[in-house]
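> kindly generate the corresponding structure for this input.
(one chain, ligands or ions: 2)
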Amino acid sequence: MAPMGIRLSPLGVAVFCLLGLGVLYHLYSGFLAGRFSLFGLGGEPGSGAARPAPAADGGTVDLRELLAVSVLAAARGGEEVRRVRESNALHEKSKGKTREGADEKMTSGDVLSNRKMFYLLKTAFPSVQINTEEHVDAADQEVILWDHNIPEDILREITTPKEVPAESVTVWIDPLDATQEYTEDLRNYVTTMVCVAVNGKPVLGVIHKPFSEYTAWAMVGGGSNVKARTSYNEKTPRIVVSRSHSGMVKQVALQTFGNQTTIIPAGGAGYKVLALLDVPDKSQEKADLYIHVTYIKKWDICAGNAILKALGGQMTTLRGEEISYTGSDGVEGGLLASIKMNHQALVRKLPDLEKIGHN
Ligand SMILES: Nc1ncnc2c1ncn2[C@@H]1O[C@H](COP(=O)(O)O)[C@@H](OP(=O)(O)O)[C@H]1O
Ligand SMILES: [Mg+2]
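Ligands and ions are numbered 1, 2, ... in the order given. Below is the predicted model of the structure:
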């Protein structure tokens, strides 16, 4: 007999215990951990407290938080890129040669931007795989803390957290796209980029222009701060192509679309994707298609691929194959990027890369 005459039936006690166990399981499976980090309980803004360590199994990450950190990382990296350019202390080096024999350049802008971007993302999300264009010097670590602030425009577009398993995530960083043009002081082509792939599919993309301080971001199935233009010329498209790794791209473009087609040579894969979109930056040229025929790396293209995909466009190899953003760094089959067009019809028009000898 319980106090005050309340009788506890054995069945009631059993149901109560089962409910209690259910609640404990829910807590243990990380539900609250995700919510706590979302509301900043993992570290008060500016307190210097790091995000709580992930669960032993890697736990989950919130893609909305990852987007906020990616936008911040692209901007912080961009500050380094600008500072180095303005101080004129580029310390230009060659990392080696491309397959076509061009110098693969690296500058202090690439190295310092890489350090900021990598450590900002790594400190906020220690359990995710990060692939970056430049070597990360472990002896030169920097703990850069995220203040857990999610910018207003992201909160407005993406109204709920999006949790995914940490082990499904691959982050790709390009700390300075268009390094060749950076060394030539062609500042408008330069971008910093972050991309997040989930199970190899590009899901988040950030492209930042350090010299005009414009940032485009998008999440597939989430939202974006950039959109497609209202119309594109599919018949005689203006085609944006590489100015420093062009290979046979002009011949391919003219052969496919005829001599009336305008070719726009430009630096940077990030810049060329922005050329397809409705970007307010006045110095940004506009094009209808982006074609690349030589070898290229995943950090150069993943952010653009994610943004195009989020806005209903596509980036594929020239044969129309999807690109998987896990595993190896390189992409062999060239690139075709389009939006508001019949992408597969464009693929059918293009000649086979093998037949044109790759470059
Ligand atoms: N054939 C090739 N081999 C290696 N990297 C290439 C390449 N073609 C393009 N890229 C890289 O892709 C990015 C865009 O190229 P482009 O400006 O020629 O369109 C540049 O990145 P980085 O500047 O980050 O090195 C460039 O180095
Ligand atoms: Mg690059």
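> quick check: which element contains the residue nearest the centre of the chain?
Nearest residue to the geometric centre of the chain (CA atoms, centre = their mean): C195, 1.6 Å. Using DSSP states H and E, C195 maps to strand 191-198.
> quick check: next helix or strand after that strand?
Next in line after strand 191-198, if elements are assigned by DSSP H and E, sits strand 201-209.
> about what we covered before: how about the contacts made by the closest residue to the residue nearest to the centre of the chain other than its chain neighbours?
Excluding the flanking residues, the one nearest C195 by CB to CB, 6 or more residues apart in numbering is C302, at 3.4 Å. All C-beta atoms are positioned from the backbone trio N, CA, C, and that covers glycine. Counting by CB atoms under 8 Å, 6 or more residues apart in numbering, C302 makes contact with 172, 193, 195, 197, 202, 205, 325.
> so where's the longest helix in the chain?
helix 63-87 (DSSP state H).
> my guess is D288 contacts S231. True?
No. Assessed by CB atoms under 8 Å, D288 is found out of contact with S231, at 9.3 Å.
> report pLDDT for F39.
As predicted, F39 sits at a pLDDT of 26.
> could you chop this protein up by domain?
61-224, 227-356 (automatic domain parsing).
> is it true that L176 lies in a helix?
No. Membership of L176 in a helix is not supported by DSSP: H, G, I helix; E, B strand; the rest coil, which gives strand.
> could you pull up the residues touching the residue nearest to it when sequence neighbours are not counted?
Residue nearest to L176 in three dimensions, not counting chain neighbours: D110, with 4.4 Å by CB to CB, 6+ apart. For D110, the contacting residues are 133-134, 175-176, 179, by CB under 8 Å, 6+ apart.
> where along the stretch 51-200 of the chain do the strands fall?
60-62, 93-97, 103-106, 129-132, 163-165, 169-177, 191-198 (DSSP state E, counting those that start in this stretch).
> parallel or antiparallel, list what pairs with the second one.
Based on DSSP bridges, the pairing partners of strand 93-97 within the sheet are strand 103-106 (antiparallel).
> ok, residues contacting the strand it pairs with?
92-98, 134, 179-180, 183.
> can you pick the most crowded of the residues you listed?
T179 (28 neighbours; other CB atoms under 10 Å).
> lowest mean pLDDT among the helices and strands of this protein, which one is it?
helix 31-38 (a mean of 34; mean pLDDT, DSSP states H and E).
> just the pLDDT at the closest residue to L186 other than its chain neighbours, thanks.
In space, and not counting its chain neighbours, L186 is closest to G267: 6.1 Å by CB to CB, 6+ apart. Per-residue confidence at G267 stands at 98 (pLDDT).
> residues contacting G267?
178, 180-181, 186, 189-190, 242-244.
> count the residues that sit near the closest residue to I144 other than its chain neighbours.
Leaving aside its chain neighbours, I144 sits nearest to L120 (4.4 Å; criterion: CB to CB, 6+ apart). L120: 25 surrounding residues under other CB under 10 Å.
> please apply the same query to the one 4 residues further on.
Other residues near A124 come to 26 when the count uses other CB under 10 Å.
> and it, how far is that from L67?
12 Å (CB to CB, to the nearest Å).
> which two from the contacts of G267 end up farthest apart in space?
V190 and S242 (14.5 Å; CB to CB).
> among those two, which residue is more densely surrounded?
V190 (27 against 23).
> mind listing what that one touches?
81, 176-178, 181-182, 209-211, 267-268, 271.
> the same query, at a cut-off of 6 Å, please.
178, 182 (CB atoms under 6 Å, 6 or more residues apart in numbering).
> from ligand 1, how far off is it?
8 Å (CB to the nearest ligand atom, to the nearest Å).
> got a pLDDT number for that residue?
98.
> hang on, G333 in a strand?
No. G333: not assigned to a strand; according to three-state DSSP it is coil.
> tally of neighbours for the nearest residue to K95 once chain neighbours are set aside?
Leaving out its chain neighbours, the residue that sits closest to K95 by CB to CB, 6+ apart is E104, at 4.4 Å. Close neighbours of E104, defined as other CB under 10 Å, add up to 14.
> what's across from E104 in the sheet?
G96.
> mind checking how far it is from ligand 1?
On the measure of CB to the nearest ligand atom, E104 and ligand 1 end up 6 Å apart.
> could you do H91 as well?
16 Å.
> residues in contact with the nearest residue to that residue once chain neighbours are set aside?
Excluding the flanking residues, the one nearest H91 by CB to CB, 6+ apart is S108, at 4.6 Å. Contacts for S108 (CB under 6 Å, 6+ apart) come out as 84, 90-91.
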